[in-house]
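Participant: The sequence isn't on hand, but the structure is:
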């Protein structure tokens, strides 16, 4: 993923907000990628992300299922993101034909209007979302707009159970497909505590899987294209 970004003209650096004297995203950062935290973010880290968006920043967040991050999830909810407490299962034989698995559904349904996914839609691209949760739109901040970027096939369901043995059919509490899997939100700076600047927007994109960024999976189908 890092090499893909560099090929697109970006310089990529790691950022550990917890080691800085004051947690702050650099002023010259075009985007901030939060790639699969394994634990909750601390208040200074969340505040730094909030300030960055309030300056007109762009954030890509990927949060795997079953990660305990109550403070970060609450912040995402305020931003208009509805995270599902589930794992997406798709038993469609199409997955097996293309080398996927029930917990790594192949995705072909993308939004045709958003700049992130319009080419994926027009070129009939395919992406694998490995071990993903559902991600939809909740209550958006005032003045914000939201787009669901990708949907599962209708055969998928959001498994809300526990354990590691994936079921072979949905349970009574499992949400049925097609399921929302990724969202993009564009909001005025004041939604994140910034000053109201009419020609600047804060942008937030959220995925339900960070494993899509891993070396062995980013090269599958059009995964790299979507991420970059």
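Facilitator: All right, it came through fine. What you see is a predicted model; the values in this text were computed from it and never measured.
Participant: Give me the local confidence score for the residue nearest to residue 29 when sequence neighbours are not counted.
Facilitator: Spatially, and ignoring its direct neighbours in sequence, residue 29 is nearest to residue 57 (6.8 Å; CB to CB, 6 or more residues apart in numbering). The way it works is simple: take the backbone N, C-alpha and C, and place the C-beta from them, glycine included. We have a pLDDT of 97 for residue 57.
Participant: Now do the contacts for residue 57.
Facilitator: Going by CB atoms under 8 Å, 6 or more residues apart in numbering, residue 57 touches 25, 29, 31, 32, 202, 203.
Participant: will you turn the residues you listed into CSV that also has distance to residue 120 and secondary structure?
Facilitator: Below are the contacts of residue 57 laid out as CSV (distance: CB to CB, whole Å; DSSP: H, G, I helix; E, B strand; the rest coil):
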residue, distance to residue 120, secondary structure
25, 28, coil
29, 25, coil
31, 19, coil
32, 23, strand
202, 23, strand
203, 18, strand
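Participant: who wins for neighbours among these?
Facilitator: Comparing the contacts of residue 57 by number of neighbours (other CB atoms under 10 Å), residue 202 comes first, having 26 neighbours.
Participant: I'd assumed residue 188 was in contact with it.
Facilitator: Yes: using CB atoms under 8 Å, residue 202 makes contact with residue 188 at a distance of 7.4 Å.
Participant: Please work out the average pLDDT along the strand ranked longest in the chain.
Facilitator: For the chain, the strand with the greatest residue count under DSSP state E is strand 180-188. Averaged across strand 180-188, pLDDT comes to 98.
Participant: hmm, who's touching it?
Facilitator: So strand 180-188 is in contact with 53, 79-82, 88, 107, 114, 116, 129, 132, 134-137, 140-152, 196, 201-208, going by CB under 8 Å, 6+ apart.
Participant: The closest residue to residue 92 other than its chain neighbours: neighbouring residues, count only.
Facilitator: Spatial nearest neighbour of residue 92, chain neighbours left out: residue 155 (4.2 Å); criterion: CB to CB, 6+ apart. Counted with other CB under 10 Å, residues neighbouring residue 155 total 16.
Participant: Tell me what residue 109 is bridged to.
Facilitator: residue 151 (DSSP bridges).
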